[in-house]
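K.L.:
Quick one: sequence plus predicted model below, questions after.
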Amino acid sequence: MPPTAADRATRELESRLLDGRYAAGARLPAERALADELGVSRGTLREAVQRLAARGLLASRVGSGVYVTDRLHGGLTSPWRQLLTEHPHLGKDMLEFRRVLEGEAAAFAAERATRADLTMLRGVIDRLRRARRDDDEAQEVLLDSLWHGAIATAAHNAMFGYLQANLLALHREHMAQNHAGLRFGDRAVAEALWQQHFALWEAIRARAPEQARDTMYAHIDFVRARLAPDAAGALP
């Protein structure tokens, strides 16, 4: 049986969830606009949304709209939260894996980033620049996570986006649980992180995959070196 209009709309929405165009917590475009964009009726769109809502991927809020849940990014975090709390040395393994994952994500982003991706990346790096100029630690912490997530999105591989979202969430929680971290309040550290993020932007914008990979490796190595002394080899 050929796919129906609702089937096609559902698949398209799924694709947008998978590739990060609709991130967790984001509100979908207004029903009329989204139906026009997908080339379907509003009734067909409602059916597609209801299917995804039944699977826990979307949620309707009365008077507000339809929002993306964090269901796609919830598979790894729950069991690992307790493990990381009880076995802090796993933080070292996490960063080791992040080095491999994010190095390749940066290389793919340099190869595959679209014009829209570059605009997104430029927006985040500009916000990081302003946060560093204003010495706004809270914004720097938030934008650091957004920056790494944006690179994973620009890699155009659904698994990178999925794994990246989970690992960053785990890493942030792990640092908070141990009352440690990168000490953004240390201006030398904050400045070094800014320079590393900007170097990543330059490599991706220049379409230089090897440079992007090596720059990401150096960035993660810097993070590992900053965290390692906190617990005799066990990372926070």
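P.N.:
Structure received.
K.L.:
Now do the strands in this protein.
P.N.:
Along the chain, counting by DSSP state E, strands occupy 58-61, 65-68.
K.L.:
Can you check which of these gets nearest to Arg205?
P.N.:
Counting by CB to CB, Arg205 lies closest to strand 65-68 out of those; the figure is 28.2 Å. Backbone N, C-alpha and C define where each C-beta goes, glycine included.
K.L.:
Just checking the distance from stretch 57-74 to the centre of its chain.
P.N.:
Relative to its parent chain, stretch 57-74 has a centroid offset of 17 Å by CA atoms, centre = their mean, to the nearest Å.
K.L.:
Now do that stretch: everything it contacts.
P.N.:
Residues from elsewhere that reach stretch 57-74, judged by CB atoms under 8 Å, 6 or more residues apart in numbering: 13-14, 17-18, 22-28, 30-31, 49, 52-53, 55-56, 162, 165-166, 169.
K.L.:
would you turn the strands of the chain into TSV with mean neighbour count, mean pLDDT and distance to Gln211?
P.N.:
Below are those laid out as TSV (neighbours: other CB atoms under 10 Å; pLDDT from 0 to 100; distance: least, CB to CB, whole Å):
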stretch	mean neighbour count	mean pLDDT	distance to Gln211
strand 58-61	14	91	39
strand 65-68	18	92	33
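K.L.:
Glu191: which of these is closest?
P.N.:
strand 65-68 (34.8 Å).
K.L.:
on that earlier part again, give me the buried entries from the contacts of stretch 57-74.
P.N.:
By neighbour count, with 16 or more other CB atoms under 10 Å, the contacts of stretch 57-74 hold 13-14, 17, 22-24, 28, 49, 52, 162, 165-166, 169 as buried.
K.L.:
residues contacting the residue nearest the centre of the chain?
P.N.:
Central residue of the chain (CA atoms, centre = their mean): Gly149, 2.3 Å from the mean position. Contact analysis of Gly149 by CB under 8 Å, 6+ apart lists 20, 23, 161, 164-165, 168.
K.L.:
at 7 Å what do you get?
P.N.:
Contacts here follow CB atoms under 7 Å, 6 or more residues apart in numbering; on that basis Gly149 touches 164-165, 168.
K.L.:
swap in Ile151?
P.N.:
Ile151 neighbours (CB under 7 Å, 6+ apart): 105-106, 109, 200.
K.L.:
buried ones in the lengthiest helix in the chain?
P.N.:
If you go by DSSP state H, the chain has its longest helix at helix 90-112. Judged by neighbour count (16+ other CB under 10 Å), helix 90-112 contains these buried residues: 90-92, 94-95, 98-99, 101-110.
K.L.:
how distant is that helix from the center of its chain?
P.N.:
How far helix 90-112 lies from its chain's middle: 12 Å, per CA atoms, centre = their mean.
K.L.:
In CSV, list the buried ones among the contacts of stretch 57-74 along with distance to Arg224.
P.N.:
Below are the buried ones among the contacts of stretch 57-74 laid out as CSV (distance: CB to CB, whole Å):
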residue, distance to Arg224
Leu13, 38
Glu14, 36
Leu17, 32
Tyr22, 33
Ala23, 27
Ala24, 27
Leu28, 38
Val49, 43
Leu52, 39
Tyr162, 23
Ala165, 21
Asn166, 19
Ala169, 19
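K.L.:
Which of those residues sits closest to Gly123?
P.N.:
Nearest to Gly123 among those is Ala23, at 14.0 Å by CB to CB.
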